[in-house]
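K.L.:
model the structure of this input:
(chains A and B)
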Amino acid sequence: DSGVTQTPKHLITATGQRVTLRCSPRSGDLSVYWYQQSLDQGLQFLIQYYNGEERAKGNILERFSAQQFPDLHSELNLSSLELGDSALYFCASSVSGDNEQFFGPGTRLTVL
Amino acid sequence: GQQVMQIPQYQHVQEGEDFTTYCNSSTTLSNIQWYKQRPGGHPVFLIQLVKSGEVKKQKRLTFQFGEAKKNSSLHITATQTTDVGTYFCAGPGTYKYIFGTGTRLKVLA
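P.N.:
As a prediction, the model looks like this:
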């Protein structure tokens, strides 16, 4: 158990819909990262937050947005969903931006 | 942009054989991390290397950071079925870590 929690574990929805994925970092970690992993693919960095502020942006689509709240939990919002958005979405946290990352169990999103 | 490539993409070995995966960055890295992801699981941090030429060992795993700090390797001696999974290296980009393409290891009993 990494100490990072993600909800829900599984999400099945239809094209065009909007979903919200939630992540609670390890206690004491200020940095939260979001990654997308499509079937048998690598980890695609989406976005990073540090202590409530956006720190870095990767290959995140405009249909996707995220935020980190004052209690440091984070949410990833995916809208106008397409079939190709089906993937595993991981959240990770670290003390700062340079330390080891602790990954949550992931949310498996299926878009039908 | 910065790229971190890993080779091979896939590797099948017989149990007891050795295994090596290589990580190459297009730019010099201040440090490099290695992660392992078991099938159906999430990435788990293995180690971080910081110094040029650094070598670290964890039981049967040996990690190396190149002298030029642009490449790294992970060597597993006498693989076991528990070593199955995908091994990722990760290097620092601008305010974030860039994960390599990964090497998927299968160990045949």
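K.L.:
which bits of chain B sit near chain A?
P.N.:
B:31, B:33, B:35, B:42-45, B:48, B:88, B:90, B:92-102 (CB under 8 Å from any CB of the partner chain). In short, each C-beta sits where N, CA and C put it, glycine included.
K.L.:
got a ChimeraX select line for the buried ones in the residues you listed?
P.N.:
Filtering the residues of chain B next to chain A down to the buried ones (16 or more other CB atoms under 10 Å in any protein chain shown) takes a single ChimeraX command:
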select /B:31,33,35,42,43,44,45,48,88,90,92,93,96,97,98,99,100,101,102
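K.L.:
which of the residues of chain B next to chain A fall in strands?
P.N.:
B:33, B:35, B:44-45, B:48, B:88, B:90, B:92, B:97-99 (DSSP state E).
K.L.:
pick out the most distant pair among the residues you listed.
P.N.:
Between any two of those, the greatest separation by CB to CB is 19.1 Å, found for B:Val44 and B:Pro92.
K.L.:
spatially central residue in chain A, please.
P.N.:
Among the residues of chain A, the one closest to the centroid is A:Trp34, at 3.4 Å (CA atoms, centre = their mean).
K.L.:
show me what that residue is bridged to.
P.N.:
Counting by DSSP bridges, A:Trp34 forms beta bridges with A:Ile47, A:Cys91.
K.L.:
got a list of what the residue lying closest to A:Leu81 once chain neighbours are set aside touches?
P.N.:
Closest residue in space to A:Leu81, ignoring its immediate chain neighbours: A:Val111 at 4.8 Å, by CB to CB, 6 or more residues apart in numbering or on different chains. Listed by CB atoms under 8 Å, 6 or more residues apart in numbering or on different chains, the contact set of A:Val111 reads A:13-15, A:17, A:81-86.
K.L.:
just these now: which is nearest chain B?
P.N.:
A:Ser86 (16.3 Å; CB to the nearest CB).
K.L.:
which residues sit against the helix-or-strand element of chain B with minimal mean pLDDT?
P.N.:
Ranking every helix and strand in chain B by mean pLDDT, DSSP states H and E puts strand B:97-99 at the bottom, with a mean of 84. Applying CB under 8 Å, 6+ apart, the contact partners of strand B:97-99 are A:33, A:35, A:42-43, A:45, A:101, B:2-4, B:33, B:35, B:88-92.
K.L.:
same question, stretch B:80-89
P.N.:
A:42-43, B:4, B:6, B:15, B:19, B:21, B:23, B:32-39, B:41, B:43, B:60, B:72, B:74, B:76, B:99-100, B:102-107, B:109.
K.L.:
for it, give the mean pLDDT please.
P.N.:
The average pLDDT within stretch B:80-89 is 97.
K.L.:
sorry, back to before: who does the least confident helix or strand of chain B pair up with?
P.N.:
Counting by DSSP bridges, the strands paired with strand B:97-99 are strand B:85-92 (antiparallel).
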